[in-house]
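S.K.: Whatever this is, show me its structure:
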Amino acid sequence: MEGTSGNDRFYVMALEDINERKTFCWYYAALGKLDKTVGGSENDFGEGRGNTEYVNLKWNDPNLPWGAHSNNPNVDDIWEEIQEEIADGWFIPSKSEWSAFREAFDITESNYFGTFGLKDNYWSSSQSDTSYAYHVDFINCSIGRYSVYNVRYVRLATTF
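M.R.: Residues are numbered from 1 along each chain as shown. Sure, this is the predicted structure:
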């Protein structure tokens, strides 16, 4: 699988959200500038780690005019919050990895909160086009697109 070490066999979802009570922008300053996109029907399973590392490099690149940090003081980008976790091997799941977690555990609109303790929506690491990233919506049990300056919850995954 592209995006993994090649030896990874297990995907593990974190038991808690990043900052349980807070939502984050995907990447506020990147609005209109995203360049690693996937189509809605494209299977990007195995790409979560690579997507996360790619965007994190952009976010931390001081040579990019839109590189690091949110230019909106009212919101925080995901990337500011998860620097240590990325260094420890955690990543934001791709849209297909979120779908696989949802299917594997039979997560539905009626059990996502009570049984699994999930919030109603989470960012994926998958970019839809130059201004949108995919998110998982448990209220409708779907994967949708949302502008990178809007806010969603964040839960990480890792492989081993």
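S.K.: Which residue, other than its chain neighbours, is closest to D35?
M.R.: T130 (7.3 Å; Cβ to Cβ, 6 or more residues apart in numbering). Backbone N, C-alpha and C define where each C-beta goes, glycine included.
S.K.: quick one: that neighbour and Y27 touch, right?
M.R.: No: here T130 does not reach Y27: they are 11.6 Å apart, not a contact under Cβ atoms under 8 Å.
S.K.: In terms of neighbours, single out the busier of these two.
M.R.: Y27 (24 against 13; other Cβ atoms under 10 Å).
S.K.: What ranges does this protein have for its helices?
M.R.: For the chain, the helices defined by DSSP state H cover 48-60, 78-81, 83-87, 95-104.
S.K.: residue nearest the centroid of the chain?
M.R.: Centroid-nearest residue in the chain, with Cα atoms, centre = their mean: S124, separated by 2.8 Å.
S.K.: now that one: how far from G40?
M.R.: Applying Cβ to Cβ, to the nearest Å, the value for S124 to G40 is 12 Å.
S.K.: overlap in contacts of the two?
M.R.: Y134, I143 (Cβ atoms under 8 Å, 6 or more residues apart in numbering).
S.K.: got a pLDDT number for N140?
M.R.: The score at N140 is 94. That number is its pLDDT.
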